[in-house]
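[1] no FASTA, just this:
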């Protein structure tokens, strides 16, 4: 009735009608923070869009599920084949989640994506404050991740992420930044950007002075003719 994709399995409470809808994926999506971020965000967007179209419970944290093998539940099998994410996408409107600069709703996989984004954005800057050894840096990342988990998710309906997922995210970000960010590398990056900035500003100054004086107007020719003559050495 809602135009949603048919679930693989529905496990329903026969007494009150409450149910869990299960969508089986042919290719699983790795949710650990060391996985590629694009597939995880795609899966999170599908997850959030499914919740929106079905009016599913935002309080559901995804930690437990009605066991469809238990005889107490009324179990219905709808779709015999497993889905690709693209199959589910074709039923849904993912446009509210297309802008990667915006955070996903704090629901389901969206919390995992958001925690990773919060933490990595902080870590890229924070590691430059003293370039700590790995043990101290891991502690700092874990402390910051736990803080984000409380401040960003404890007030949401889905609640905080499990401690194991927070710890895994912190470890992933700490390991990556400590391996690929260094004082020497940052100094080289600053030097490269400084040289680029100097070249660009010098060029802009040279062009700006000529643009302000407009010598082509004094000569009574067009700007294009002026620069053509200048290029050919006729000025």
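    Looks like it came in fine. Computed from a prediction, not measured in an experiment: that's the story for all the values here.
[2] which stretches of this structure aren't confidently modelled?
    32-35, 61, 63, 157-158, 185-187, 189-190, 193, 195-212, 216, 218-220 (pLDDT under 70).
[3] Mind jotting down where the strands sit in it?
    9-12, 19-22, 74-77 (DSSP state E).
[4] Mean neighbour count and distance to residue 38 for these - can I get that in CSV?
    All C-beta spots, glycine's among them, are computed from the backbone N, C-alpha and C. Shown next, in CSV, are the strands of the chain (neighbours: other C-beta atoms under 10 Å; distance: least, C-beta to C-beta, whole Å):
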stretch, mean neighbour count, distance to residue 38
strand 9-12, 18, 28
strand 19-22, 18, 24
strand 74-77, 14, 31
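[5] in the protein, which spans are helices?
    Listed in chain order, the helices of the chain (DSSP state H) span 37-54, 85-89, 109-126, 134-148, 163-180, 183-213, 215-219, 223-231.
[6] Throw those into CSV and include distance to residue 2, thanks.
    Converted to CSV, these look like this (distance: least, C-beta to C-beta, whole Å):
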stretch, distance to residue 2
helix 37-54, 6
helix 85-89, 14
helix 109-126, 20
helix 134-148, 34
helix 163-180, 30
helix 183-213, 50
helix 215-219, 66
helix 223-231, 61
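[7] about what we covered before: nearest to residue 166, out of the strands of the chain?
    strand 19-22 (24.8 Å; C-beta to C-beta).
[8] Test my guess that residue 3 contacts residue 52.
    No. Residue 3 lies out of contact with residue 52 (C-beta atoms under 8 Å); the separation is 12.0 Å.
[9] neighbour count winner among these two?
    The neighbour count for residue 3 versus residue 52, taken as other C-beta atoms under 10 Å, is higher for residue 52 (17 against 7).
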